[in-house]
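J.: Turn this into a model:
(chains A and B)
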Amino acid sequence: MEMPQPSSAILEKRARILARLDAALPPAALITDEAECRAYECDALTVYRCIPMAVTLPSSTEEVATILRICHEEGVKVVPRGAGTSLAGGSLPTEDSIILGVARLRDVLEVNTADRIIRVQTGMTNLSVTGEVESDGFFYAPDPSSQLACAIAGNIAMNSGGAHCLKYGVTTNNLLGVIMVQMDGTIVEIGGAHADAAGYDLLGVICGSEGQLGVVTEATLRILPKPEGARPVLIAFDSNEVAGACVSDIIKAGVLPVAIEFMDRPCIRACEDFAKAGYPECEALLIIEVEGSEAEITEQLGLISQIARRHNPVELRESQSEEESKKIWLGRKSAFGAMGQINDYMCLDGTIPVSSLPFVLRRIGEMSKEYGLDVANVFHAGDGNMHPLILFDANKPGDLEKCEAFGAAILTLCVEAGGCLTGEHGVGIEKRDLMSVQFSTADLEAQMRVKDVFDPRWLLNPAKVFPLDASAARRAA
Amino acid sequence: MRPESEADLAEAIRAAQGPLRVAGGRTRDVGNPVAGELLETGGLDGITLYDPGALTLVVQAGTPLAKVEAALAAEGQRLPFEPMDTRALLGGQGAPTVGGMVAANASGPRRVQTGACRDSLIGVRFVDGAGAVIKNGGRVMKNVTGYDLVKLMAGSWGTLGVLSECSFKLLPVPDAQATLISDALDVPQAVDLMSRALGTPYEVNGAARDEAGRVALRIEGFSEQVRYRLGALEAALGGDWSRIEGEASRELWAGLRDVTGFVGRAGDVWRVSTRPSRAPELVARMDCPVLLDWGGGLIWALVPEGTDLRARLGQFDGHATLIRASEATRASLPVFQPEAAPIAALSAGLRAKFDPRGILNPGLMG
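T.: Below is the predicted model:
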């Protein structure tokens, strides 16, 4: 992975920059020791690493503003970091950068069930937000797989999704307001507890901007009443095409499940070996979950089963109990762990139109043979967000490079099929150089103009999102 | 000017010598008055792609909304956000277009459940003020590739670019709908009741109060489901309710959506967005006829011509937009809520980048 040459001017004045930060911050907020900084050298995309110049861990919005103001004055790049769970290298440092971690911003500022909102500092984890409102019968809807660990700050930066977004949307659809600090230290408030922010939809632009427009320290989030209950049905088919057609028919029939998960044979086998969930022998498996009261669930599952039976499933298993539901989900939820048992893997995240599913899966199968690497597919079928897992051996010379090339080919295929490079993980470092596959020069230019407005010196989260050659002139300015 | 293609649109903007007044169906005459040559998008008409099995639609921006709604209805689907038809309230004669709806981020009662227009908008193509064709987002509903300019275009009233194509995620039209209607309640009682209703798991997707004080709560779904939820909701809330179903319910909500309560009545109409729990206090300060939607989060206010409603409201959590007023009033009172200095700087910065010559609906948003 190519990274820009670190700025020697910045490295030379490291001592002065750190002294300024040290003078302005409480002692515990600044880490300069190299061994301690090493803990921040990467995120969940561990193949790329770099130790930053220093790490700052502010405890308030004002401290965030102080850090950014000093860095802005000194021309130092800043890499914001939530919980470091990015799968795209979204918080990978550079040698001449300072990490700004929000892990100590963990206060709940307001819970208001009458207005159906919660206001939190953004270092809180996704799941702990739900934890705050659960006893009142509410939950926070976006549920990325990393929800136990990932921070709201990162969710906002990456516009995180989850398995249930077919019904509840992703982060941007559940974010009402933010307090954000701009690179020059200006603190801005956008939106609030009301449904729509005034003026241009800056909130919409900030969400998913991968920490390149500002550091969000507080967020007002929409919370929803918990459904009365939920139950899945498991449906097995002997071909991917038939499973895909079944998904399409269910959607057309007017049922709106909260989740439609799809697994192909290699994935089913691996999960079964790992978790012993009792999945049947088949080519494609759907797990479809619906919500509501008992009677509503029964009615909806009945309708889904009726549609599925028209496609001659190998097996159809409606969960009748909490225990059965858990078992059905067990395999799916352990998919990534199961893959990790077999091999090293790279997890992709492209989205395709649901109707292209059979074609794309067939092509991935063919390409798997061409590249000589196995691939397993697990897929949010309702919204077209694929997660092909390419298996490789990190200890085998050349395998990682082959895997990267195969990954790029799959993502290119997703774009050609009418989809996109990333559905929920973000561009980060990983897909930066593929952006020109999806976007024209004018498209990228338009996005970079937004960055020009929010961060004219291009100091925030450097070398992410945009191809290096496309952003070169701006970064050099 | 009335370009017939995206390429013509781009050429027209590139060649423009002065300000342009961008118009779809000219039914949403909102904003500070704009002087400029008329640029109509009606020539960009047609559905590019409709994939019912994927719940997605791609459509040219000048396409009449009625044409889109008819195509979706034929497949039992719809735009989720229930956009307001402003013709009755604002007196427009044309046909609302997709582009106009997006430019206004028009979102009706169902916003409490399915979000605003911007939440269903998944892709755009537009021409910026320099004449460059730009695409963002796409036709898939889960997409975090690059910055989200789709949201930025929604509600930007044609000041950052002229839309040429929009993509939406859709929802199925449920089999049945029904509405519970209360007796007359004062505003605090009504807001409290609506908040409680929206806090139940019964998926209330409309919560409004009419001028007479009656609260309406809507539920949609399969017939059995609606029957069950209505009963459960009634039991949870207590009190006396009447019920209407099917066509009667649809008509009621069309009226609430289109603010028909203020149609044909003299005065200016304001639209105030706030958190529901502040609504009672704000309504008291407004001292005028009001209609509440979004569980109290949206207040429509009817005040005597030329009234500065913001002066009555003072500092509050939210914003006020002057939706219907004479050009003279709109020239003297800011139509959109004035922004705090750092936000105003960002807005001005975006305008300068996307429309460097300042020719797209200049001054419309302030």
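
J.: Mind checking which residue lies nearest the centre of the chain?
T.: In the absence of a named chain, chain A is used. A:H425 (3.2 Å; Cα atoms, centre = their mean).

J.: right idea, wrong chain: chain B
T.: With distances taken as Cα atoms, centre = their mean, B:A106 lies nearest the centre of chain B, 1.6 Å away.

J.: Looks to me like it is in a strand.
T.: No - residue state for B:A106 (DSSP: H, G, I helix; E, B strand; the rest coil) corresponds to coil; a strand is not indicated.

J.: and the helix or strand that contains B:G100, what does it pack onto?
T.: Per DSSP states H and E, B:G100 falls inside helix B:98-103. Judged by 3 or more Cβ pairs under 8 Å, 6 or more residues apart in numbering or on different chains; DSSP states H and E, helix B:98-103 is in contact with helix B:65-74, strand B:162-169. All C-beta spots, glycine's among them, are computed from the backbone N, C-alpha and C.

J.: Let me see the contact set for the closest residue to A:N174 other than its chain neighbours.
T.: For A:N174, ignoring the flanking residues on the chain, the nearest one in space by Cβ to Cβ, 6 or more residues apart in numbering or on different chains is A:R222 at 4.6 Å. By Cβ atoms under 8 Å, 6 or more residues apart in numbering or on different chains, the contact list for A:R222 reads A:R116, A:I117, A:Y140, A:A141, A:N174, A:L175, A:L176.

J.: what residue ranges in the stretch 151-300 of chain B score low on pLDDT?
T.: Residues of the stretch 151-300 of chain B meeting the criterion pLDDT under 70: none.

J.: residue in it nearest to chain A?
T.: Closest residue of the stretch 151-300 of chain B to chain A, Cβ to the nearest Cβ: B:K151 (2.4 Å).

J.: Next, count neighbours for that residue.
T.: 27 (other Cβ atoms under 10 Å in any protein chain shown).

J.: Where does it sit: helix, strand or coil?
T.: helix.

J.: do B:L9 as well
T.: Applying three-state DSSP to B:L9 yields a three-state assignment of helix.

J.: wait, doesn't it sit right on B:E40?
T.: No - the pair B:L9 and B:E40 fails to qualify as a contact (Cβ atoms under 8 Å) at a distance of 10.1 Å.

J.: who's more crowded, those two?
T.: A direct count of neighbours by other Cβ under 10 Å for B:L9 and B:E40 places B:L9 higher, at 27 against 18.

J.: ok, so what distance separates the more buried one from A:A197?
T.: Plainly put, B:L9 is 29 Å away from A:A197 if you go by Cβ to Cβ, to the nearest Å.

J.: Next, count neighbours for A:V108.
T.: 15.

J.: In this structure it contacts A:V120, no?
T.: Yes - A:V108 lies in contact with A:V120 (Cβ under 8 Å); the separation is 5.4 Å.

J.: Name all residues that sit in contact with those two at the same time.
T.: What both A:V108 and A:V120 touch, as defined by Cβ under 8 Å, 6+ apart, is the set A:E132.

J.: Please enumerate the helices of the stretch 51-200 of chain A.
T.: According to DSSP state H, counting those that start in this stretch, the stretch 51-200 of chain A carries its helices in the segments A:61-74, A:126-133, A:152-158, A:165-168.

J.: For these, state which one has the densest average packing.
T.: For the helices of the stretch 51-200 of chain A, the largest average neighbour count (mean count of other Cβ atoms under 10 Å in any protein chain shown) is found in helix A:152-158, namely a mean of 30.

J.: if we can go back for a sec, which residues sit in contact with the residue lying closest to the residue nearest to the centre of chain B once chain neighbours are set aside?
T.: Ranked by Cβ to Cβ, 6+ apart and with sequence neighbours excluded, the top spatial neighbour of B:A106 is B:P83, at 3.9 Å. The contact partners of B:P83, taken as Cβ under 8 Å, 6+ apart, are B:L65, B:P96, B:M101, B:A106, B:S107, B:G108, B:C117.

J.: got it, and B:A197?
T.: Counted by Cβ under 8 Å, 6+ apart, B:A197 has contacts B:V204, B:A207, B:L217, B:L233, B:A236, B:L237, B:G295.

J.: which of the residues you listed tops the neighbour count?
T.: Greatest neighbour count in the contacts of B:A197, by other Cβ under 10 Å, goes to B:G295: 33 neighbours.
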